[in-house]
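Peer 1: dropping the sequence and predicted coords here.
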Amino acid sequence: MRKLAFVAPAWLYVAVFYLYPLATNVRMGFQDFTVTSFYTGVAPFVGLRNYREVFRDPAFAGTVTNTVLFTAGSLLLQFGIGLALAVFFKRNFPLGGALRSLLLVPWLLPLVVSGTAWRWILETDSGVLNRTLLNLHLVSEPVPWLASTDLSLTAVTLVNVWVGIPFNMVILYGGLQAIPAELYEAAQLDGAGAWQRFRRVTLPLLRPVTTVVLTLGLIYTLKVFDVIMVLTQGGPADSSQTLTTFSYDLSFQQLAFGHGAAVGNLLVLVAVVFAIGYLRAERRTP
């Protein structure tokens, strides 16, 4: 009985703030839920109609492409830069701990604050970045980082990379610390160079940590909303629209709540599939 009383508050919190909203969203995805439904409580069951209409939406294919590019670009750069920084900070040097702590700032800041700061930096006419590039004569005219259909997705991806690098660095740094130094010494005595030690010792032993970082990074990146909304709101012309902002647009701009819930359910399904894959891989690991 004491054990039940100990875990009951946690389960109650999960049920109220996670399971209930999730179940409600799943139900809405199969209903014709409109503004009137909030007052009447009546929302006819329509089966898979919401999903079929979402798939037929002209903006859906481009949104999926943007989501894939945004997620892949973010994961690749976050992991690569995070791993490089983790390897760099593994060496002991003066003020290394202080510098490592400063690099955690992007991860600690609220995403709305980070997005607002980067919107100011990337502003076309008065942004710090364009002013610097113009003063250095690297460009002849301001670059429309957030106002161009060709650059907006790249801009939001790079900002998301900046936010996610500290997480990758911290987890990978912890994994590197767990690798015995004797293995590197033995490899060096056998004539292995720096790159060979990294490829033959570091990467194989870091594989479990790498799996965790990439899986959590994928799930997090799929649901990124704040940064994109603050920077571009999915524009211009849906050029930086991802599934999260698409769901928001359907629900709260077009008031098609059933369609928005359907897109949200697709995101949850993708995240669950990758999470199950990760758990099964971990279970098979000896």
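Peer 2: Done, it's in. Numbers count the residues shown, from 1 in each chain.

Peer 1: and the most centrally placed residue in the chain, its phi and psi?
Peer 2: For the chain, the residue nearest the mean C-alpha position is residue 221 (1.7 Å; C-alpha atoms, centre = their mean). Backbone torsions of residue 221, given as degrees, to the nearest 10, read phi -70, psi -40.

Peer 1: distance of it relative to residue 256?
Peer 2: 25 Å (C-beta to C-beta, to the nearest Å). The C-beta positions use only the backbone N, C-alpha and C, and glycine is treated the same way.

Peer 1: now swap in residue 146 and tell me
Peer 2: 27 Å.

Peer 1: could you list the low-pLDDT ranges of the stretch 51-200 of the chain?
Peer 2: Low-confidence segments of the stretch 51-200 of the chain (pLDDT under 70): none present.

Peer 1: do a quick rundown of the helices in it.
Peer 2: Ranges of helices within the stretch 51-200 of the chain are 60-90, 96-102, 105-108, 111-122, 128-135, 152-177, 181-189, 194-197, based on DSSP state H, counting those that start in this stretch.

Peer 1: could those be laid out in TSV, adding distance to residue 52 and mean neighbour count?
Peer 2: Shown next, in TSV, are the helices of the stretch 51-200 of the chain (distance: least, C-beta to C-beta, whole Å; neighbours: other C-beta atoms under 10 Å):
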stretch	distance to residue 52	mean neighbour count
helix 60-90	11	18
helix 96-102	50	12
helix 105-108	40	14
helix 111-122	33	17
helix 128-135	43	14
helix 152-177	27	21
helix 181-189	55	12
helix 194-197	52	12
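
Peer 1: of all these, which one is nearest residue 204?
Peer 2: helix 181-189 (10.2 Å; C-beta to C-beta).

Peer 1: show me what that closest one is packed against.
Peer 2: Applying 3 or more C-beta pairs under 8 Å, 6 or more residues apart in numbering; DSSP states H and E, one finds that helix 181-189 contacts helix 194-197.

Peer 1: which strands or helices does the helix it packs on pack on?
Peer 2: Using 3+ C-beta pairs under 8 Å, 6+ apart: helix 194-197 touches helix 181-189.

Peer 1: check the gap between the residue lying closest to residue 267 once chain neighbours are set aside and residue 22 for me.
Peer 2: Spatial nearest neighbour of residue 267, chain neighbours left out: residue 243 (5.4 Å); criterion: C-beta to C-beta, 6 or more residues apart in numbering. According to C-beta to C-beta, residue 243 stands 16 Å off from residue 22.

Peer 1: of these two, who's got more company?
Peer 2: residue 243 (23 against 13; other C-beta atoms under 10 Å).

Peer 1: who's in contact with the more buried one?
Peer 2: 63, 64, 67, 222, 263, 266, 267 (C-beta atoms under 8 Å, 6 or more residues apart in numbering).

Peer 1: so can I have a markdown table of the residues you listed showing distance to residue 178?
Peer 2: A markdown table is the format used below for those (distance: C-beta to C-beta, whole Å):
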| residue | distance to residue 178 |
| --- | --- |
| 63 | 40 |
| 64 | 38 |
| 67 | 34 |
| 222 | 28 |
| 263 | 40 |
| 266 | 37 |
| 267 | 33 |
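
Peer 1: residue 97: which of those residues is nearest?
Peer 2: residue 222 (32.9 Å).

Peer 1: isn't the closest one right next to residue 72, touching?
Peer 2: No: using C-beta atoms under 8 Å, residue 222 is not in contact with residue 72, being 11.2 Å away.

Peer 1: tell me the phi and psi of residue 45?
Peer 2: Per-residue torsions, residue 45: phi -80, psi 130 (degrees, to the nearest 10).

Peer 1: so what's residue 111 up against?
Peer 2: Residue 111 touches 163, 226, 227, 230, counting by C-beta under 8 Å, 6+ apart.

Peer 1: what's the farthest-apart pair in these?
Peer 2: 163 and 230 (11.6 Å).
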